[in-house]
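Student: Sequence plus the predicted model coming up.
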Amino acid sequence: MDPIQPATQEGRHRFAAAMQTALTIEDVEQAFIAAAGEVIPAGGFGLYTIEPESGQMLRVKAQVEIDFLDDYESYGRRDDPVLEFVLRQRSAIDSTRVAPKTQWERSGACTALRVGGYYHSLEAPVLVSGVLHSTINFARAVGQPAFSEADLVSARMAGEQLGLATERALRYEATDQRTTVLEDVLDRMPQALVVTDLDGQVIFRNRTARKSFPVAAGSPGLIDERIVEAMGEFRALGKRVCTRAAFDRHANKQIIVKSIRLPDRDDAAMTLVFPNADGSAINLPAWDVLSRREQEIAELVSQGLTNKQIAQRAFISENTVKQHLKRVFSKTDVRNRAELMQRIWTASRDHGDTG
């Protein structure tokens with residue numbers, strides 16, 4: 001039988017470091033199994049994830065024989081005064097302190113431990129956000145010393161470290177799952193979407209962007225050049241929206257590249273790519289982001305008509321014209337009708353040059 005070597009301060013530090021570097025729940029469980037002996041020397045140890053109300057075992061990671069685990073689940077768990085105390089008091093305890101020796105030796109838990117070659121038991125709760133999530137379990141054989149008060153202190157520390165690591169891992173996995181769902185949703189968008197930082201470094205491209213605008217190694221793609229231009233304006237001018245027209249020679253069509261600085265993130269932006277509609281609408285930058293009525297209003301503006309003339313032509317009030325124009329200005333990233341007219345004429349001339 002191997003003698004029990006006392007835990008060292010260095011061992012406790014290694015245990016804490018293992019918990020801090022664990023990223024997922026699987027990482028946390030494996031780190032505990034690998035480092036548990038550093039903080040509480042024992043012949044066997046395990047980590048039981050349990051259902052908080054009933055105390056039923058949901059999952060177990062342990063460094064003991066599988067037969068012992070089966071025996072404990074068969075008749076030990078339902079008659080385990082150590083576990084009962086931990087579930088009730090949410091505090092670490094060992095078998096020498098929870099009950100008189102004769103009572104402990106008559107329990108189902110002690111019987112299962114003896115079959116597995118153990119006798120002494122120590123358990124501590126692992127709380128996650130104040131809720132019991134799991135227990136850590138340590139066992140020693142008859143010839144080995146009982147758990148000490150120092151071991152109880154170490155168990156409480158280990159439980160706290162494990163609780164923090166588990167909470168962090170659960171948040172990480174939940175975030176990872178949400179990210180996966182979000183990426184799946186964005187990949188189903190018909191528009192190309194690219195998320196970048198303000199230096200133009202890509203954080204995410206959806207499937208449409210990857211397929212329609214592939215980037216060759218060492219050579220920026222069509223939309224990447226427009227994104228870099230937009231990010232430069234965001235940094236230099238403090239703009240929140242930037243719209244660019246471009247001609248996609250591969251698809252032989254004009255596109256609109258609209259970059260939007262994310263409102264809650266000063267260091268990131270989202271860029272959407274819209275194909276221009278066919279026909280006369282090809283003249284207007286960001287045409288696909290406008291409703292049909294807004295397209296009509298913009299075309300009438302480009303003809304030099306006043307709000308009153310547009311209202312008469314479109315059979316709407318002048319106030320409605322003004323409201324439409326506000327939305328057109330916002331969506332096409334212009335400040336007034338003169339700038340809108342200039343953008344339309346420039347786009348029309350450029351498209352005529354490339355057609």
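Tutor: Ah, there it is. Numbering: from 1, shown residues only.
Student: residue ranges with poor pLDDT in the chain?
Tutor: 1-7, 216-220, 275-288, 345-355 (pLDDT under 70).
Student: Can you give the domain ranges for it?
Tutor: 9-179, 189-275, 284-355 (automatic domain parsing).
Student: Now do the helices in the stretch 251-355 of the chain.
Tutor: 292-302, 307-314, 318-332, 337-354 (DSSP state H, counting those that start in this stretch).
Student: between the third one and helix 307-314, how big is the angle?
Tutor: Taking axes from the mean of the first three to the mean of the last three CA atoms, to 10 degrees, one finds helix 318-332 and helix 307-314 inclined to each other by 100 degrees.
Student: List the buried residues for helix 318-332?
Tutor: 320-321, 324-325, 328-329, 331-332 (16 or more other CB atoms under 10 Å). Every C-beta, even on glycine, is put in place using the N, C-alpha and C of the backbone.
Student: ok, back up a step: out of the helices of the stretch 251-355 of the chain, indicate the one that is most buried.
Tutor: Stretch with highest mean neighbour count among the helices of the stretch 251-355 of the chain: helix 292-302 (a mean of 19; mean count of other CB atoms under 10 Å).
Student: Report all helices and strands that that helix contacts.
Tutor: For helix 292-302, the elements it packs on are helix 307-314, helix 318-332, helix 337-354, judged by 3 or more CB pairs under 8 Å, 6 or more residues apart in numbering; DSSP states H and E.
Student: Make CSV from those helices and add distance to Ala251 to it.
Tutor: Shown next, in CSV, are the helices and strands packed on helix 292-302 (distance: least, CB to CB, whole Å):
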stretch, distance to Ala251
helix 307-314, 33
helix 318-332, 22
helix 337-354, 13
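Student: I'd like to know which of the ones you listed is closest to Ser107.
Tutor: helix 318-332 (73.0 Å; CB to CB).
Student: re earlier: closest one to Leu152 among the helices and strands packed on helix 292-302?
Tutor: Of the helices and strands packed on helix 292-302, nearest to Leu152 by CB to CB is helix 318-332, at 64.9 Å.
Student: I'd like to know which elements that closest one is packed against.
Tutor: Using 3+ CB pairs under 8 Å, 6+ apart: helix 318-332 touches helix 292-302, helix 307-314, helix 337-354.
Student: Quick one: work out the angle between it and helix 292-302.
Tutor: Interaxial angle, helix 318-332 versus helix 292-302 (the same axes, to 10 degrees): 90 degrees.
Student: what's the offset of helix 318-332 from the middle of its chain?
Tutor: Remark: helix 318-332 is offset 38 Å from the chain centroid, using CA atoms, centre = their mean, to the nearest Å.
Student: do the same with stretch 123-143
Tutor: Using CA atoms, centre = their mean, the offset of stretch 123-143 from its chain centre is 29 Å.
Student: Ala35 contacts Ala18, correct?
Tutor: Yes. Between Ala35 and Ala18 there is a contact under CB atoms under 8 Å: 4.3 Å.
Student: ok, for Gly55, nearest residue in space, not its chain neighbours?
Tutor: Leu87 (4.9 Å; CB to CB, 6 or more residues apart in numbering).
Student: An error on my part: the question was meant for Arg12.
Tutor: Val39 (5.3 Å).
Student: same for whichever helix or strand Ala124 is part of, what does it pack against?
Tutor: Following DSSP states H and E, one finds Ala124 within strand 120-128. Other helices and strands packing on strand 120-128, by 3+ CB pairs under 8 Å, 6+ apart, are helix 81-89, strand 93-94, helix 95-98, helix 108-115, strand 131-140, helix 149-187.
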